[in-house]
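K.L.:
just a sequence and a predicted model for now, questions to come.
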Amino acid sequence: MIIASGRWGSVIWGENAQEARRFFDEIEPAHRKSLISRMRVFAADFDARKPWPKEQFRELKGYPLFEFKKGPVRLFGGFRGKKFVIVHGAKKSTGTKMRREYEKAVRLLREYDNLEQA
Amino acid sequence: MTEQTQFEAWIDESPDNAKIFQQEALILKVTHMIWGWMEEKGISRSDLAGRLGRTRGYISQVLAGDKNLTIRTIADIATAMDTQADFSLRPLGGFEAETNVIQFRWNLMPSTTVSVDSTAGALVDGARAA
């Protein structure tokens, strides 16, 4: 599913990976709206790897992942050519183990890659 | 799949969605400009916090785009960075207008003019840009 596309590339939700779609549907509509809007701005320039403030978008240390933030919502994904593929997300709150979410995102991204190659 | 993206389908759904997009695009533009200026001038988050009499966490919230900044706050941030903020309005239409509805320009006091090309996200020397 193409979430947003710009002059240089697209932001897509890697929904072919099992479980990846679920989180997108679970994001509250208010958050989803602003997230999609942000991704549109992001997609416009991402191929040029325009730097962003780490508070909004950053590479996670120790994981082959990038994190996209808006309020308490964190989305995880990676660059694949002219696409930025999001496969998982988490809402940061008490009791959320982010490490576990990162690991799940890595697994889903790998699953996405395998399905794309197949 | 057709070329219509989730975004385009969504923005067609209601005028409210177009409004939200304008809000988010402007938030990102303003925060990106503040951050770009900090990077360019080597101003750390702690430095800026100290100049504003705020905490480092506050600056992070500003840069995350989670704060609803008032015009007064933007002016205070600009002053703290020895700059000033301007803005202009332009008609809607096409991608350029869509993402550049309000263009801010930051001036280094007192003489050198530096503007931020928000489309490219680059700091442009005013004299060269002119």
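P.N.:
It's in.
K.L.:
which residues in chain A form helices?
P.N.:
A:20-26, A:29-45, A:98-117 (DSSP state H).
K.L.:
what of chain B?
P.N.:
B:6-13, B:15-41, B:45-52, B:56-64, B:71-80, B:94-99, B:126-129.
K.L.:
just send those helices back as a markdown table, with mean neighbour count too.
P.N.:
(Glycine included, C-beta is placed from N, CA and C.) Formatted as a markdown table, the helices of chain B follow (neighbours: other CB atoms under 10 Å in any protein chain shown):
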| stretch | mean neighbour count |
| --- | --- |
| helix B:6-13 | 16 |
| helix B:15-41 | 18 |
| helix B:45-52 | 17 |
| helix B:56-64 | 18 |
| helix B:71-80 | 15 |
| helix B:94-99 | 13 |
| helix B:126-129 | 10 |
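K.L.:
need those in JSON lines with mean pLDDT and distance to residue A:46, can you?
P.N.:
Converted to JSON lines, these look like this (pLDDT from 0 to 100; distance: least, CB to CB, whole Å):
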{"stretch": "helix B:6-13", "mean pLDDT": "75", "distance to residue A:46": "14"}
{"stretch": "helix B:15-41", "mean pLDDT": "89", "distance to residue A:46": "13"}
{"stretch": "helix B:45-52", "mean pLDDT": "97", "distance to residue A:46": "24"}
{"stretch": "helix B:56-64", "mean pLDDT": "95", "distance to residue A:46": "18"}
{"stretch": "helix B:71-80", "mean pLDDT": "96", "distance to residue A:46": "26"}
{"stretch": "helix B:94-99", "mean pLDDT": "46", "distance to residue A:46": "13"}
{"stretch": "helix B:126-129", "mean pLDDT": "34", "distance to residue A:46": "24"}
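K.L.:
is it possible to export those helices to TSV including distance to chain A?
P.N.:
Listed next are the helices of chain B as TSV, based on distance: least, CB to the nearest CB, whole Å:
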stretch	distance to chain A
helix B:6-13	4
helix B:15-41	4
helix B:45-52	9
helix B:56-64	4
helix B:71-80	14
helix B:94-99	6
helix B:126-129	18
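K.L.:
including distance to residue A:52, could those helices go into a markdown table?
P.N.:
Output for the helices of chain B, formatted as a markdown table (distance: least, CB to CB, whole Å):
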| stretch | distance to residue A:52 |
| --- | --- |
| helix B:6-13 | 18 |
| helix B:15-41 | 7 |
| helix B:45-52 | 15 |
| helix B:56-64 | 10 |
| helix B:71-80 | 18 |
| helix B:94-99 | 15 |
| helix B:126-129 | 23 |
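K.L.:
one step back: for the helices of chain A, which one sits closest to chain B?
P.N.:
Chain B lies closest, by CB to the nearest CB, to one member of the helices of chain A: helix A:29-45, at 3.6 Å.
K.L.:
please see if that closest one touches chain B.
P.N.:
Yes. Judged by CB under 8 Å from any CB of the partner chain, helix A:29-45 comes into contact with chain B through A:33-34, A:36-41, A:44-45.
K.L.:
identify, from those residues, the entry nearest to residue B:25.
P.N.:
Proximity of the residues of helix A:29-45 next to chain B to residue B:25, judged by CB to CB, is greatest for residue A:41, which lies at 5.4 Å.
K.L.:
any idea how many residues pack against that closest one?
P.N.:
The number of residues packed near residue A:41 is 23, by other CB atoms under 10 Å in any protein chain shown.
K.L.:
tell me the two of the residues of helix A:29-45 next to chain B that are most distant?
P.N.:
Farthest apart among the residues of helix A:29-45 next to chain B by CB to CB are A:33 and A:45. That separation is 20.8 Å.
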